[in-house]
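J.: Got a sequence here, can you model it:
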Amino acid sequence: MMIRIRSRDGLERVTIDNPAITIAQLKSLIESQLRVPVQTQTLSANQNLLLAKTLPEISQFTDLSNPHAPIQTLGITHGSILYLAYEGERTVPGPNINPAGSFGRKMTMDDLIAKQMRVTRQENPHCELVSFDRDTANAFQHYVNESLAFGVKRGGIMYGTVSPEGKVEVNFIYEPPQQGTEESLVLMRDPEEERLVEAIAMGLGMRAVGFIFTQTIGQNKKDYTLSNVEILQAAELHGRSELKEWVTVVVKLEVNEDGGADVHFEAFQMSDMCVRLYKEGWFETVIEEGVDPKLSMMKKDVVVGGKDTREVDNDFFLVVVKIFDHQGPLSSTFPVENRNVPVSMRALKNHLDRTKNLTFVKRISDFHLLLLLARFLDVNADVPALAMCVQTQTAVPEGYQLLIESMASAS
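T.: So this is what the prediction gives:
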């Protein structure tokens, strides 16, 4: 009988002769075969154990803490995956080396490079925390929950600010043209629209700060935090951004204590090593059928836990980021671009009618409204000027106000 053990060092196997052993006996086998002392071991069937950072957090995982419990009564069978946290360092036996000549085995250049590619967990993110504008976060999750029912994936690029201390504030989400299925998300580039988005962001004093996407209900049954496909997409966008504080946020449904479903946000950074490996072309970007989605495949060997391997547990690439919320400067009530229904000038008229009691600058303080207007204005002059009014909350020049109202009336 074989049981798979996933720890910070990757996926390893423990061989068991007697399937009727207890948890205490299993821990002894882990000590003898994997060289992790029994007294330092915490075992759990819950993968979140690997995300726990402190001893109090680790001690909350008690599902496999009874030393006298037979493993069969806990549903542990041949091929089961258990998660292992432990304190301190361990000695992993090295490979058997067949010496060749006076100086041992010859090393190729690939061997030498692989030795430098040592994949370990990155403890601290470059981003101190990420804070979401409440209305922006709600507008995104409400659409994927109510309209898409978490049945297909949806994504967007987050825009906001980064403080000198590394605090990221998200104030709007741009949803590019895209095609989502239960397992995949393809973001389709629209250079002209992206040019407008960047002009608006610049006028608002903001920039792209991260990538947000949803996992579907079908994915909830899978045993991973992010799949290998999601790691590739997140690493590509992180690397392209050239922003060390770039954040990746996943939104999913989780079952609560009452049996209902809650929308849950989780924030990560791709580790420096992950981004480097992606930029240098180490990842297998074509995922073959049958590959475990929680493993990223490498084109060449890397070193994980002292072992050469081409399979890396995706969790090694994730650095957890704290999430907060705030009330940002923009509203998020205007219809969002590139969804099921195209945004028309009728939406502009309805929005202006609904907000008559506000100042004009407040009425247009919505990124998605500004993006609609930008399609009909000069991107080099009008768009930054309007966005600057919104940023500083100063009066909109009368000429722009008349132009916007006439555009709405013509619908």
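J.: where are the low-confidence patches of the stretch 1-150 of the chain?
T.: Along the stretch 1-150 of the chain, the model assigns pLDDT under 70 to residues 91-116.
J.: Strands along that one, start to end?
T.: Remark: strands assigned in the stretch 1-150 of the chain by DSSP state E, counting those that start in this stretch are 2-7, 10-15, 41-44, 81-86, 129-133.
J.: wait, which of those strands is closest to G218?
T.: strand 81-86 (19.5 Å; C-beta to C-beta). Just so you know, the C-beta spots here come from the backbone N, C-alpha and C atoms, and that holds for glycine as well.
J.: which residues touch the closest one?
T.: 3-8, 11, 30, 36-37, 40-47, 49-50, 52, 58, 61, 64, 76, 223 (C-beta atoms under 8 Å, 6 or more residues apart in numbering).
J.: repeat that for 7 Å
T.: 3-7, 30, 36, 40-47, 49-50, 52, 58, 76, 223 (C-beta atoms under 7 Å, 6 or more residues apart in numbering).
J.: Tell me which of the strands of the stretch 1-150 of the chain is the most buried.
T.: strand 129-133 (a mean of 23; mean count of other C-beta atoms under 10 Å).
J.: mind saving the C-alpha coords of that one as PDB?
T.: Presented in PDB, the C-alpha positions along strand 129-133 are these (Å, rounded to 0.1, in the frame of the first residue of the first chain):
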ATOM      1  CA  LEU A 129      -1.500  43.900   1.600                       C
ATOM      2  CA  VAL A 130      -4.200  44.400  -1.100                       C
ATOM      3  CA  SER A 131      -7.300  46.500  -0.300                       C
ATOM      4  CA  PHE A 132     -10.400  46.400  -2.500                       C
ATOM      5  CA  ASP A 133     -12.800  49.200  -3.100                       C
END
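J.: Pairing partners for that strand, with directions?
T.: strand 167-174 (parallel), strand 318-326 (parallel) (DSSP bridges).
J.: what residues does it touch?
T.: 167-171, 247, 267, 321-328, 330.
J.: ok now it, how far from the chain's centre?
T.: 14 Å (C-alpha atoms, centre = their mean, to the nearest Å).
J.: go on, stretch 262-273?
T.: On C-alpha atoms, centre = their mean, the centre of stretch 262-273 falls 4 Å from that of its chain.
J.: Report the rounded mean pLDDT for it.
T.: What stretch 262-273 shows for mean pLDDT is 95.
J.: circling back to that earlier point, go through the strands paired with strand 129-133 and name the closest to N357.
T.: strand 167-174 (23.1 Å).
J.: Tell me the helix or strand right after the closest one.
T.: Following strand 167-174 in sequence order, the next helix or strand is strand 178-180 (DSSP states H and E).
J.: on that earlier part again, by neighbour count, sort out the buried ones in the contacts of strand 129-133.
T.: Among the contacts of strand 129-133, those classed as buried by 16 or more other C-beta atoms under 10 Å are 167-171, 247, 267, 321, 323, 325, 328, 330.
J.: TSV for the strands paired with strand 129-133, including distance to G218?
T.: Compiled in TSV, those are given as follows (distance: least, C-beta to C-beta, whole Å):
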stretch	distance to G218
strand 167-174	23
strand 318-326	21
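J.: Thanks a lot, catch you later.
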